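Asker: Pasting a predicted model and its sequence here:
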Amino acid sequence: MPVSVRLPTVLRPHAAGQSVVEASPGTVGAIVTELVGRFPGMKGNLLTDSGELQRFVNIYVNDEDIRYLDKADTAVADGAELTILPAVAGGLA
């Protein structure tokens, strides 16, 4: 059973408008690499020039923030849900 990857609005144009795509189980890092391979336009939104996850991108595995798990090495099992959310910043101007 594949992993369901929920994409934020900003990434959907790179995935033909899809809000959810499927990926192979593995680690978060492997799934992001798979996504970038399939949808190259996502690369700048997800990865730094050195290949690390962008710090302004929050990723959750079954509603658990990977920053409090094993970060990019967090395991993602068959049938899990991975959610990618851009960090929101701002306030009064």
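Answerer: Alright, I've got the coordinates.
Asker: Buried residues, stretch 19-37. List them.
Answerer: The neighbour-count check on stretch 19-37 (16 or more other C-beta atoms under 10 Å) flags 21, 23, 25, 27-36 as buried. The C-beta positions use only the backbone N, C-alpha and C, and glycine is treated the same way.
Asker: same thing with stretch 64-73?
Answerer: Judged by neighbour count (16+ other C-beta under 10 Å), stretch 64-73 contains these buried residues: Ile66, Ala72.
Asker: And the contacts of it?
Answerer: When contacts are taken as C-beta atoms under 8 Å, 6 or more residues apart in numbering, the neighbours of stretch 64-73 outside the stretch itself are Thr27, Val28, Gly29, Val32, Glu52, Leu53, Asn58, Ile59, Tyr60, Val61, Thr74.
Asker: number of nearby residues for the residue lying closest to Phe39 once chain neighbours are set aside?
Answerer: Leaving aside its sequence neighbours, Phe39 sits nearest to His14 (C-beta to C-beta, 6 or more residues apart in numbering; 4.6 Å). As a burial measure, His14 scores 20 neighbours (other C-beta atoms under 10 Å).
Asker: Isn't His14 up against Met42?
Answerer: Yes: shown here, His14 and Met42 form a contact pair, counting by C-beta atoms under 8 Å, at 4.7 Å.
Asker: quick one: stretch 1-21 to chain centroid distance?
Answerer: Centre-to-centre, stretch 1-21 and its host chain are 9 Å apart (C-alpha atoms, centre = their mean, to the nearest Å).
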